[in-house]
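**Student:** Any chance you can model this:
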Amino acid sequence: MRSLFNKKVHTHIFYHQRYISTLAAIENPSIYRVGNDENYPTSSNASNFFIDYGRSRPNSIKNTKLLHAHLLKSPKLESNIFVANYLLDGYCKCGSMEEAVKLFDKMPERNVIFWNTMISGYNYNSLFEHSCLWFRKMWLSGFEPDEITYRSVLSACVAMQSTSFCKQVYSVTMKNGFFSNGYVCTGMIDFFSKSCNFEDALRVFYDVSSCENVVCWNTIISAAVKNEENWVALDLFVQMGKQFLKPNSFTFSSVLTACAALKELEIGKEVQGCIFKCGAVDVFVGTALIDLYVKCGDMNEAVKLFSWMPTRNVVSWTAIISGFVQRDDCFSALKFFKEMRNMKVEINNYTATSVISACAKLNMIEEATQIHSWIMKSGFYMDSVIQAALVKMYSEIGVIDLAEMVFKEMESIKCSNAWAVLISSFAQKQSSQRVIKLLQTMLKEGLRPDTFCTSSVFSVIECINLGRQMHCYTFKTGLIFDLSVETSLFTMYSKCGNLEDSLKVFQSIPFHDNISWASMIAGFTEHGYAEQTVQMFKDMLSEGTKPDQMTLAATLSACSSLHCLHKGKEIHGYAIGAGLGNQPNICSALITLYSKCSALGLAKKVFDMLVQKDLVSYSTLISGYAQSGLIKEAVLLFCVLMQSNLAANSYTVSSILRASALSNKSSIGTQLHAIVIKGGLASEVSVGSSLVTMYSECGGFKDCENAFNEIDQPDLIGWTAMISSYAKHGKGVEALRVYELMKKEGINPDSVTFVGILSACSHSGLIEEGYYHLNSMAKDYRIQPGYHHYACMVDILGRSGKLREAEKFIKNMPIEPDAFIWRILLAACKVHGDFELGRVAAKKVIELEPSHAGAYVSLSNICADIGQWEGVLEIRSLMKGIGLRKEPGRSST
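**Tutor:** Residues are numbered from 1 along each chain as shown. Presented below is the predicted three-dimensional model:
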């Protein structure tokens with residue numbers, strides 16, 4: 001019974017597409033007018049005769065015309081409908097619809113079978129509009145369409161995506177009583193599902209009450225899977241079972257595909273049990289089972305099923321190979337591919353694409369070139385999809401030159417996928433000029449970049465004007481409505497420093513996913529907008545979006561900038577609750593947060609919680625200890641790092657060198673310098689600058705020069721460190737010489753550099769040079785002098801004994817002088833014994849900092865130096881009255 005049922009199903013689905021007239025003849029033998037001439041074959045004999053004739057000769061226009069000429073000699077051509085219909089169908093299969101129309105017009109008596117042959121013939125030749133026109137012509141001629149007619153015209157509507165005409169045809173079928181017919185129902189379900197209108201497809205299916213046609217069930221289940229309504233597909237499968245309908249291999253293949261998409265392995269195993277029970281195991285079902293286990297991550301079971309399959313086709317081989325590729329087991333994928341070739345199994349484009357993907361690894365250039373050679377030899381190279389896959393393979397390996405070579409050899413560079421892959425490869429290499437040039441060439445070729453390509457272009461744009469042009473292009477082409485393009489767009493504006501436009505684009509997005517939130521938060525963090533970052537994190541939570549590791553790390557960095565310990569602890573708690581508390585990037589951000597907020601105990605706890613401590617976590621905590629002045633702890637942790645298998649990088653060494661400079665212990669610094677030389681880090685800018693600073697603090701002036709000379713290309717920090725070192729050692733002329741060399745290298749000074757220059761002028765008594773460089777700040781570099789710069793100028797004048805000029809300079813300052821500047825003048829008055837001006841300076845200091853004992857002590861010392869002991873007693877009495885006392889001196893010896 002089952003084989004008979006399947007035979008009927010097979011007949012309904014396929015037989016009418018090839019031999020519609022034969023099917024109609026068997027089902028309606030009475031409509032044929034067959035004469036009693038014994039010399040002419042009957043309907044049944046004619047069927048066998050023409051089938052044998054079709055097998056013996058190729059189906060060509062020449063052979064069909066020869067047959068036609070032969071039949072014209074017999075007067076029975078017009079009297080035997082079967083013969084005429086077979087000849088008509090032959091012309092349709094040869095693609096000669098003009099000859100078919102001529103034959104159709106000469107028929108004295110036409111019936112539904114002839115009309116069906118013509119309509120299906122136009123479908124066969126993809127002339128779908130003509131199919132619909134002939135259906136209208138048939139209707140107007142007074143012929144009643146049957147189920148085959150409706151199925152053919154519905155297939156044409158599906159191909160043309162003609163919604164309105166399809167609905168009109170469906171209305172006619174309902175009117176003529178074909179509402180519950182399996183052909184019609186299947187055609188409408190197929191149409192609506194392919195028109196992305198699955199709800200209407202489901203409505204058509206349920207309108208047919210108690211449908212017992214398995215083909216209809218298969219069609220609606222398959223439609224649900226294709227429209228990603230996988231749970232609906234499973235529910236329909238359950239309903240099918242409740243109606244005691246026996247599913248076939250088509251049913252099981254669709255249901256297994258739904259389980260694979262949902263990654264519901266347990267449900268899939270239950271379906272597998274039904275398959276074995278029904279005995280519906282064939283190559284298609286077996287392949288679907290392999291795909292289920294592959295997508296659910298159970299490759300062992302997938303391999304078992306594959307090995308048990310009695311028959312394997314190219315699809316099953318491709319499924320197991322692509323499964324290994326998805327699991328990143330490239331060697332197993334290539335092993336199965338080799339076995340596939342040894343078994344002489346036909347290989348298609350999908351197999352070749354999977355194998356190419358298997359070779360797209362950094363260390364597999366040899367295998368990649370071998371596969372490339374095999375593709376050239378096997379003839380797959382002419383396929384644009386294969387060529388695009390080769391471009392992608394070489395790009396992911398990192399051999400961009402070979403990727404570009406394959407791209408240039410492509411005969412059809414109309415494949416936008418290949419363009420997108422190559423543009424993305426150059427984008428990953430940050431080759432912005434190559435990316436823009438490729439995009440321009442692509443547009444000249446009349447190709448439109450897709451969303452992936454557009455996002456890649458945005459990722460390398462650093463010019464705001466070019467970015468705005470691309471923004472306009474995405475508006476014009478409609479690409480702007482894709483979430484990935486919108487995310488890359490506002491990231492581009494953020495990278496170009498235009499956070500205002502970046503925020504506008506972000507706010508215009510109707511739906512924000514995790515990536516868009518993370519990108520916007522990271523943009524605010526990178527540009528120092530810490531408060532906005534924290535607020536945006538709150539907005540993200542209020543919208544119900546769960547932050548990922550990158551978002552949490554960026555927000556914690558913002559809390560570090562704000563020194564907001566309380567908020568950081570809240571985010572730490574959230575990360576623990578979300579199961580992300582032990583992630584390395586979050587732990588590093590937490591260590592930085594707690595270090596900057598002086599909560600080094602918490603920083604150490606987070607560090608100790610790390611299962612696997614990496615170089616970033618070590619470096620972050622060492623830097624935290626150094627910045628907090630915990631030199632011993634920083635050095636001890638650095639020693640632990642050196643004993644591990646990790647190699648210290650430039651950031652770690654710079655941090656510990658800064659700690660060594662603060663300790664003022666040259667022995668530690670010398671040992672660290674030896675580690676730097678051994679590790680080959682002496683030429684690093686950050687390390688070299690830290691070495692210069694360290695030797696400067698420890699008094700090794702010659703070592704400063706040696707460390708500076710070892711730097712390959714000193715940056716601003718390195719030059720500034722050397723200038724400051726010369727200044728500290730009283731070598732003002734050398735400091736200014738280094739400054740001039742820095743400018744010749746094309747490096748502009750910043751405010752810190754000018755502090756070092758003015759300090760050099762101060763230590764060397766270079767008054768004129770001091771004035772010149774102070775004025776140069778605003779005039780040449782648009783840097784407004786701050787308190788430190790003015791303090792250096794007061795110090796220059798004070799050291800040179802020009803106290804009145806220093807007083808005048810202070811009074812003419814564009815900013816209000818603080819206590820530090822007046823203290824410098826007070827110290828100069830003490831050195832030069834100017835009691836009157838010293839008293840004025842001391843009063844200013846006391847006014848600004850009444851609780852600071854230093855001003856009282858300095859004024860008292862001035863009085864003592866000039867013998868005014870009454871003034872000394874008065875000042876000490878005043879100090880005693882307000883509760884101030886002089887701090888005792890200390891020695892580090």
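**Student:** C-alpha only now, for contacts and for neighbours.
**Tutor:** Fine.
**Student:** Can you report how many residues lie near residue 100?
**Tutor:** Look at residue 100: counted by other Cα atoms under 10 Å, it has 22 neighbours.
**Student:** Looks like it contacts residue 86 (just checking).
**Tutor:** No: distance between residue 100 and residue 86: 10.9 Å, which falls outside the contact criterion (Cα atoms under 8 Å).
**Student:** Next, count neighbours for the nearest residue to residue 788 once chain neighbours are set aside.
**Tutor:** Once its chain neighbours are removed from consideration, residue 788 has its nearest residue in residue 755; the separation is 6.7 Å (Cα to Cα, 6 or more residues apart in numbering). Other residues within reach of residue 755 by the criterion other Cα under 10 Å amount to 24.
**Student:** Just the element for residue 755, please.
**Tutor:** Counting by DSSP states H and E, the element that carries residue 755 is helix 751-764.
**Student:** what angle separates the helix or strand following that helix from helix 751-764?
**Tutor:** Using DSSP H and E, the helix or strand that follows helix 751-764 in sequence is helix 767-781. With axes from the mean of the first three to the mean of the last three Cα atoms, to 10 degrees applied, the angle from helix 767-781 to helix 751-764 works out at 170 degrees.
**Student:** from the chain's centre, how far out does helix 767-781 sit?
**Tutor:** Between the mean C-alpha point of helix 767-781 and the mean C-alpha point of its chain there is a distance of 49 Å (Cα atoms, centre = their mean, to the nearest Å).
**Student:** State the mean pLDDT of that helix.
**Tutor:** Averaged over helix 767-781, pLDDT sits at 92.
**Student:** Contacts for the helix holding residue 755 next, please.
**Tutor:** 720, 723-724, 726-728, 730-733, 735-736, 739, 767, 769-770, 773-774, 777, 783, 785, 788-789, 792-793, 795-797, 799 (Cα atoms under 8 Å, 6 or more residues apart in numbering).
**Student:** just stretch 431-446 next, same as before
**Tutor:** The contact list for stretch 431-446, computed with Cα under 8 Å, 6+ apart, reads 414, 419, 423, 424, 426, 427, 448, 449, 457, 460, 461.
**Student:** want to throw those residues into JSON lines with pLDDT?
**Tutor:** Below are those laid out as JSON lines (pLDDT from 0 to 100):
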{"residue": "414", "pLDDT": "59"}
{"residue": "419", "pLDDT": "79"}
{"residue": "423", "pLDDT": "83"}
{"residue": "424", "pLDDT": "80"}
{"residue": "426", "pLDDT": "80"}
{"residue": "427", "pLDDT": "81"}
{"residue": "448", "pLDDT": "84"}
{"residue": "449", "pLDDT": "84"}
{"residue": "457", "pLDDT": "86"}
{"residue": "460", "pLDDT": "84"}
{"residue": "461", "pLDDT": "85"}
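**Student:** buried subset of those residues?
**Tutor:** With neighbours counted by 16 or more other Cα atoms under 10 Å, these contain buried members at 419, 423, 424, 426, 427, 448, 449, 457, 460, 461.
**Student:** Helices - which of the contacts of stretch 431-446 land there?
**Tutor:** Assigned to helices by DSSP state H, the following of the contacts of stretch 431-446 qualify: 419, 423, 424, 426, 427, 457, 460.
**Student:** what about the closest residue to the second one other than its chain neighbours, helix or strand, and which?
**Tutor:** So the one you mean is residue 423. Sequence neighbours aside, residue 435 is the residue nearest to residue 423 in space, at 5.4 Å (criterion: Cα to Cα, 6+ apart). When elements are assigned from DSSP H and E, residue 435 belongs to helix 432-444.
**Student:** what does residue 144 give?
**Tutor:** Secondary-structure assignment from DSSP H and E places residue 144 in no helical or strand segment.
**Student:** If I follow the layout properly, it ends up in contact with residue 112?
**Tutor:** Yes: under the criterion of Cα under 8 Å, residue 144 makes contact with residue 112 at 7.3 Å.
**Student:** Neighbour count: those two, which is higher?
**Tutor:** residue 112 (17 against 12).
**Student:** Now do the phi/psi pair for the more buried one.
**Tutor:** When quoted as degrees, to the nearest 10, the phi and psi of residue 112 stand at phi -60, psi -30.
**Student:** That one: what's it in contact with?
**Tutor:** By Cα under 8 Å, 6+ apart, the contact set of residue 112 is 143, 144, 145, 146.
**Student:** got a list of what the second one touches?
**Tutor:** For residue 144, the set of contacting residues under the criterion of Cα under 8 Å, 6+ apart consists of 112, 138.
**Student:** circling back to that earlier point, check which residues of the helix holding residue 755 are buried.
**Tutor:** For helix 751-764, burial by neighbour count (16+ other Cα under 10 Å) applies to 751, 753-764.
**Student:** what about burial for the contacts of residue 112, which qualify?
**Tutor:** Taking 16+ other Cα under 10 Å as the criterion, what is buried in the contacts of residue 112 is 145, 146.
**Student:** can you put the contacts of residue 112 in JSON lines and add pLDDT and distance to residue 589?
**Tutor:** As requested, the contacts of residue 112 are exported to JSON lines (pLDDT from 0 to 100; distance: Cα to Cα, whole Å):
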{"residue": "143", "pLDDT": "82", "distance to residue 589": "79"}
{"residue": "144", "pLDDT": "78", "distance to residue 589": "77"}
{"residue": "145", "pLDDT": "81", "distance to residue 589": "74"}
{"residue": "146", "pLDDT": "79", "distance to residue 589": "73"}
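**Student:** May I ask which two of the contacts of residue 112 are separated the most?
**Tutor:** 143 and 146 (9.3 Å; Cα to Cα).
**Student:** Show me the helices in the stretch 351-500 of the chain, by range?
**Tutor:** Counting by DSSP state H, counting those that start in this stretch, one finds helices in the stretch 351-500 of the chain at the ranges 365-378, 384-397, 400-409, 416-428, 432-444, 451-460, 464-477, 483-495, 499-508.
**Student:** Helix 416-428 and the fifth one, what's the angle between them?
**Tutor:** Put plainly, it is helix 432-444. For helix 432-444 and helix 416-428, the angle between their directions (the same axes, to 10 degrees) works out to 160 degrees.
**Student:** Helix 432-444: which residues count as buried?
**Tutor:** Judged by neighbour count (16+ other Cα under 10 Å), helix 432-444 contains these buried residues: 432, 435, 436, 438, 439, 442.
**Student:** got any ranges where the stretch 201-350 of the chain has weak pLDDT?
**Tutor:** Confidence mapping of the stretch 201-350 of the chain against pLDDT under 70 gives the ranges 208-211.
**Student:** Would you map the helices across it?
**Tutor:** Secondary structure of the stretch 201-350 of the chain by DSSP H, counting those that start in this stretch: the helices cover 214-226, 230-242, 249-262, 265-278, 283-295, 299-308, 314-326, 330-342, 349-358.
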